[in-house]
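**Q** can't give you the sequence, but here's the structure:
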């Protein structure tokens, strides 16, 4: 088992850990969400992320604290407050609808470490370079797709509310940790299924 796997499973017990993505945690952090809470937030993002630029945010904003902070290191922007964040999201949704006839936001992977207060979400945004004519279905068009990848670090309080989000570049360490997490979840699911089958015999 790799070092990443052991850290994801919580087998490493030290006074201070610095995750491969750059998230620092220590024993000075008092409020920490449960593992079930982290999975719940992950499920909400799994459900809401693909249609974030197409429809409303649904139940996503119900998980934000009133004074949630959003820092976009890719664009050099910072927003504080749930209402202000909702306004910025609406602006972004309008912008992408205007500049591209095709917008697809999807999950690449995710991971978190036990006894930490953060969930890391890997995303990919695909848009289409367009002109005025590309909006008409009968007009000939050359479809040129553009993709952008990034990572959203989501910090969660003990009561299950998102208090801070940081949008940043995706690193090789992020990809490795997400793959490890996916493999561990698949192994756990296989073990659970084998256990159910054995109990039926």
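**A** Structure's in. What do you need? Source: prediction; values computed, not measured.

**Q** quick one, what contacts residue 124?
**A** Residues near residue 124 by Cβ atoms under 8 Å, 6 or more residues apart in numbering: 105-106, 108, 147-149. For the C-beta atoms, the positions are set from N, CA and C on the backbone; glycine is no exception.

**Q** Would you show me how to pick out the buried ones of those in PyMOL?
**A** Only the buried entries of those go into this PyMOL selection, using 16 or more other Cβ atoms under 10 Å:
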select buried, resi 105
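
**Q** As a markdown table, the contacts of residue 124 with secondary structure would be great.
**A** Converted to a markdown table, the contacts of residue 124 look like this (DSSP: H, G, I helix; E, B strand; the rest coil):
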| residue | secondary structure |
| --- | --- |
| 105 | strand |
| 106 | strand |
| 108 | strand |
| 147 | strand |
| 148 | strand |
| 149 | strand |
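
**Q** quick one: which of the contacts of residue 124 is nearest to residue 186?
**A** Closest approach to residue 186 among the contacts of residue 124 (Cβ to Cβ): residue 108, at 16.3 Å.

**Q** Next one: the closest one relative to residue 166, how far apart?
**A** 17 Å (Cβ to Cβ, to the nearest Å).

**Q** can you check residue 160 too?
**A** 19 Å.

**Q** out of these two, which sits in the busier spot?
**A** More crowded of residue 160 and residue 166, by other Cβ atoms under 10 Å: residue 166, with 20 against 15.

**Q** For the residue lying closest to that one once chain neighbours are set aside, report the pLDDT, please.
**A** Ranked by Cβ to Cβ, 6 or more residues apart in numbering and with sequence neighbours excluded, the top spatial neighbour of residue 166 is residue 153, at 4.4 Å. With respect to pLDDT, residue 153 has a value of 96.

**Q** May I have the residues that are in contact with residue 54?
**A** Here residue 54 is in contact with 93, 103 (criterion: Cβ under 8 Å, 6+ apart).

**Q** is it true that it lies in a helix?
**A** No. Assignment of residue 54 by three-state DSSP gives coil, placing it outside any helix.

**Q** What separation is there between it and residue 74?
**A** 21 Å.

**Q** With residue 164 instead?
**A** 16 Å.

**Q** same check, this time on residue 49
**A** Residue 49 is 16 Å from residue 74, where distance means Cβ to Cβ.

**Q** More neighbours: which of these two?
**A** Between residue 49 and residue 74, residue 49 has the larger neighbour count (other Cβ under 10 Å), namely 16 against 12.

**Q** show me the residues around that one that make contact.
**A** 105-107, 121, 123.
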